[in-house]
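**Q** Sequence first, then the predicted structure:
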Amino acid sequence: MTKDSLFLKTLKGEQSLSTPTWFMRQAGRYLPEYRAIRAEAGSFTDLCYNPGFATEVTLQPIRRYDMDAAILFADILLIPEAMGMDLSFVAGEGPRLKPVVSAENVTELTVERVRNHLSPVFETLSRLSAELDPSKALIGFAGAPWTVATYMLAGQGTKDPSANRQFIYNHPKAFAELIEKLVDATTDYLLAQVEAGAEAIQLFDSWSAGLPQKLFEQACLEPTAEIARRLKKDHPDIPIIAFPKGAGPLYTLYTKVDAFDGLSIDTGLPWAWALENISPYKTVQGGLDPLLVVKGGEEMAEAARMLRDTFKDVPYIFNLGHGFVPHTPPEHVADLMTIIREKE
Ligand code: 1CP
């Protein structure tokens, strides 16, 4: 079935006069209606595993702003939980897992129960697929193996990834086994997402910055490409976006992977560079600094117009260089939508 979706057409390389738009973290804490549901759900994981609530918070930004795509409400850390790790979210601090510290800990992780454990997520997708307007695309997602592994190894988010890098050097075999398990679990998870109604997939590699090239290829590029290839084997038409945040010139390695259709660019990647080095091969998505949306006004407007105009002659999906932060004023998002769609 081909839907008349501007987002899907652009992702597959068709150019049109309008710029399809969605935003990372478009559902979330900056929206009062999200905070209300979040309070009703109890914990953040209760929200993710409740298909009624998760469907509702996925649709909230679409109702408010009319973006061209909805992204499933879930989290990249549901995979480690499904593999057997205890997961909790500490208010004001973020995720907590009991860290993987040894080869035995890696061996204990299981991939078999992923589909079963995550069945509420697939139910959310089925509901969304039935409820979404046909002009809007439904995006499924997962964390890329390296990014998910960083949380599993540290037991939490960390600003300094050096301990994780050290684990790769000290335990190369255990690390390879961990990545292999994550590739298997993530592929299975995403196949089930597509079967439940996801029409495009984004792989978030939020922590791919700063690795030496050899490690980058081994931990970020190759596992992500392998997941994409396996998905395409079963579902050749499913478009896939990779987001190797902070990869800099190593973005060009992703342009050579056939299984990727789009590349999401981070806040720091120069737009002219992306136009020259990515656009000939893949649809570019993203780039706007989410902190400019906190600022709003002329500065945001000027940057948004410049970004849109940089990519006006190639397929391009408007988005941020990373997600909205919780203190983003909701009215600035409305202004941003108006600016992106002016003259269209
Ligand atoms: O208390 C709350 O309400 C929790 C805040 C929150 C939200 C709204 C978390 C906890 N996760 C989410 C939803 C979420 N996470 C989505 C779906 C919604 C949407 O985009 O509209 C998606 C795609 C994610 C993906 C995600 N989770 C990433 C990759 C993208 C990125 O932002 O880099 C990462 C790294 C996470 C981990 C995570 N989950 C939550 C927090 C606070 C964190 C980050 C912790 C850290 O900074 O290390």
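**A** Perfect, I can see it now. Numbers count the residues shown, from 1 in each chain.
**Q** hang on, Y189 in a strand?
**A** No - counting by DSSP: H, G, I helix; E, B strand; the rest coil, Y189 falls outside a strand, being helix.
**Q** didn't it look like it was pressed against I79?
**A** Yes - assessed by C-beta atoms under 8 Å, Y189 is found in contact with I79 at 6.3 Å. Every residue, glycine included, has its C-beta placed from N, CA and C.
**Q** quick one, which of the two is more surrounded?
**A** Using other C-beta atoms under 10 Å as the criterion, Y189 and I79 rank with I79 on top: 27 against 24.
**Q** And the average pLDDT for the host helix or strand of the more buried one is what?
**A** I79 is part of helix 78-82, with elements assigned from DSSP states H and E. For helix 78-82, the mean per-residue pLDDT is 98.
**Q** other SSEs contacting that helix?
**A** Under the contact criterion of 3 or more C-beta pairs under 8 Å, 6 or more residues apart in numbering; DSSP states H and E, helix 78-82 touches helix 44-48, strand 87-90, helix 114-117, helix 145-154, helix 172-195.
**Q** got the contact list for I168?
**A** By C-beta atoms under 8 Å, 6 or more residues apart in numbering, the contact list for I168 reads 175, 215, 219.
**Q** And for I240?
**A** Shown in contact with I240 (C-beta under 8 Å, 6+ apart): 200-203, 228, 231-232, 259-262.
**Q** L269 too?
**A** By C-beta under 8 Å, 6+ apart, the contact list for L269 reads 248, 251, 287, 321.
**Q** so what does the strand or helix carrying M306 touch, helix or strand wise?
**A** Following DSSP H and E, one finds M306 within helix 297-310. In terms of contacts (3+ C-beta pairs under 8 Å, 6+ apart), helix 297-310 is packed against helix 271-277, helix 290-295, helix 330-341.
**Q** Model confidence for the residue lying closest to N277 once chain neighbours are set aside, exactly?
**A** Distances taken as C-beta to C-beta, 6 or more residues apart in numbering place T252 nearest to N277, at 5.6 Å, with adjacent residues excluded. Listed pLDDT for T252 reads 98.
**Q** what's in contact with the helix or strand where T252 lies?
**A** Using DSSP H and E, T252 sits in helix 251-255. With C-beta under 8 Å, 6+ apart as the test, helix 251-255 has contacts from 217, 221, 225, 242, 244, 247, 260, 263, 265, 269, 274, 277-278, 280-282.
**Q** farthest pair in those residues?
**A** Spatially, the most separated pair among those is E217 and P280, at 21.7 Å (C-beta to C-beta).
**Q** residue contacts, the spatially most central residue of the chain?
**A** With distances taken as C-alpha atoms, centre = their mean, F204 lies nearest the centre of the chain, 4.1 Å away. F204 makes contacts with 76, 141-144, 147, 243, 245, as judged by C-beta under 8 Å, 6+ apart.
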